[in-house]
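**Student:** Kindly return the folded structure for what I paste below:
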Amino acid sequence: MPLPSSAPTVVHLVTSLDFGGVESHMQTLATHAANSSMQLVFCAIGGGGAVERKLSGVGAEVICLRQPTRLPAFSAIAALSRLFWRLRPLAVHTHGAEANFCGLIAAWLTRVPVRIGEEIGMPGHGRKARAVFRAVYLLSHRVIGISQAVSDWLVASAEVPRRKVRRMYNPVELPGLRQQPPPEGARFRIGFVGRLEVVKNPVVLIEVVDRLRQAGVDADLWLIGDGSQRQHLEMLAREAGLENAVVFHGYQDDPAPLVRQCHVYVQPSLSEGFGLAFVEAMGCGVPVIVSATGGAAEIVENGVSGWIVPVADGPALTASLLAAHGLGRRELARIGKQARASVETRFQPGEYLSRLHGLYQQVLARAH
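**Tutor:** Just a heads-up that it's a prediction; the model follows:
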């Protein structure tokens, strides 16, 4: 059964629309909505923020329900059910744990024809949580894993049967390639973009800069992002005497101009489903050092477009950064160009939307 001739509505549901990888994903979809044959509606169970304003700025329809997001979040399920009855969407596509739980239940209750869940990481679910999400995913038609690692985890955890799982990398709007690497004699600059939260492990970078400086490397660190750990990180930097070596840039609408000024980009996450920030850094032409979590090995070719460290701790990251520093400016620039080339055509938003459209069609065809 083909999609209806009039533009059908697809609701993309997330937990919030402030800042982060999922929120950036929504922004990319909104920017390329003209290439879609569907009317996209972006809905947050909780509140809005930076990305909510960006979506509204490009003319996207945005709804923030401002409901509690802590599961089981019955009031959120009720609010979503009312919304779906009103919108009558062709599809509801949920992104992340809370959105999957609330959105798939509400979409099933309101008989939405296409129900797509999307897992953005590999949560440490215990036995009870796995049983709960196994039941919730029964209400979906397909579940997307944003990397092969996440897709395999969904199957291995027994939360989703293999026949329902589809791997689909996030679309990425690549920034422009830098024209020149940092000049000779500049401080060895390390970049990081992301939420300053425990899962992103930014605290280890303070230790790493301290270790590098003790090893005689004139290094500094640019932290681009915000989060609950910021005050703690600022305190650690002061205690280590690194006030002039650690720069907190806060949340940036466009971090690329800052990333381009870095010799190396580091993503030391404890858990990472895809790694949007380091893909964008590769797009800038900056070599990356990433922890071996989630889809890192699917994106970074170790020693060619960057480096993968098996454990994101101080000694391992310091050793990798010392090796990178020893390569020199020109060799790092060459690896940065390799990084750009490796991601240039892999995550195109237009191709992503086409695949998503095909997935919705497939579900509809099997339902009739």
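**Student:** which stretches of the chain have low pLDDT?
**Tutor:** Where the chain drops to pLDDT under 70, the residues are 1-6, 368.
**Student:** could you pull out the helices for it?
**Tutor:** Remark: helices assigned in the chain by DSSP state H are 21-31, 50-57, 74-87, 97-109, 127-137, 148-156, 203-214, 230-239, 256-259, 276-283, 296-299, 314-327, 329-343, 349-367.
**Student:** Out of these, which is the most enclosed?
**Tutor:** Across those, the average number of neighbours (mean count of other C-beta atoms under 10 Å) peaks for helix 276-283, which reaches a mean of 27. Heads up, the C-betas are built off the backbone N, CA and C, glycines and all.
**Student:** For it, name the packing helices and strands.
**Tutor:** helix 21-31, strand 188-193, helix 256-259, strand 264-267, strand 288-291, helix 296-299, helix 329-343 (3 or more C-beta pairs under 8 Å, 6 or more residues apart in numbering; DSSP states H and E).
**Student:** Which strands or helices does the third one pack on?
**Tutor:** Using 3+ C-beta pairs under 8 Å, 6+ apart as the contact criterion, the elements in contact with helix 256-259 are strand 188-193, strand 219-224, helix 276-283.
**Student:** and residue 110, which of these is closest to it?
**Tutor:** Closest to residue 110 of the helices and strands packed on helix 256-259 is helix 276-283 (C-beta to C-beta; 30.9 Å).
**Student:** any idea of the angle the closest one forms with strand 188-193?
**Tutor:** With axes from the mean of the first three to the mean of the last three C-alpha atoms, to 10 degrees defining the directions, helix 276-283 sits at 140 degrees from strand 188-193.
**Student:** what's helix 276-283 in contact with?
**Tutor:** With C-beta atoms under 8 Å, 6 or more residues apart in numbering as the test, helix 276-283 has contacts from 21, 24-25, 170, 172, 174-175, 177, 191, 193-194, 255-256, 259, 262, 265, 267, 288, 290, 296, 299-300, 305-306, 336, 339-340, 342-344, 347.
**Student:** Tabulate the helices of the chain (a markdown table), appending distance to residue 15.
**Tutor:** Shown next, in a markdown table, are the helices of the chain (distance: least, C-beta to C-beta, whole Å):
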| stretch | distance to residue 15 |
| --- | --- |
| helix 21-31 | 8 |
| helix 50-57 | 12 |
| helix 74-87 | 10 |
| helix 97-109 | 5 |
| helix 127-137 | 15 |
| helix 148-156 | 17 |
| helix 203-214 | 24 |
| helix 230-239 | 21 |
| helix 256-259 | 26 |
| helix 276-283 | 16 |
| helix 296-299 | 24 |
| helix 314-327 | 30 |
| helix 329-343 | 27 |
| helix 349-367 | 20 |
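**Student:** closest to residue 65 out of the ones you listed?
**Tutor:** Nearest of those to residue 65, taken as C-beta to C-beta: helix 74-87 at 4.9 Å.
**Student:** How far does the closest one sit from its chain's centre?
**Tutor:** Distance of helix 74-87 from the chain centroid (C-alpha atoms, centre = their mean, to the nearest Å) equals 26 Å.
**Student:** Do I have it right that residue 79 meets residue 68?
**Tutor:** No - checked against C-beta atoms under 8 Å, the pair residue 79 and residue 68 is beyond contact range at 10.0 Å.
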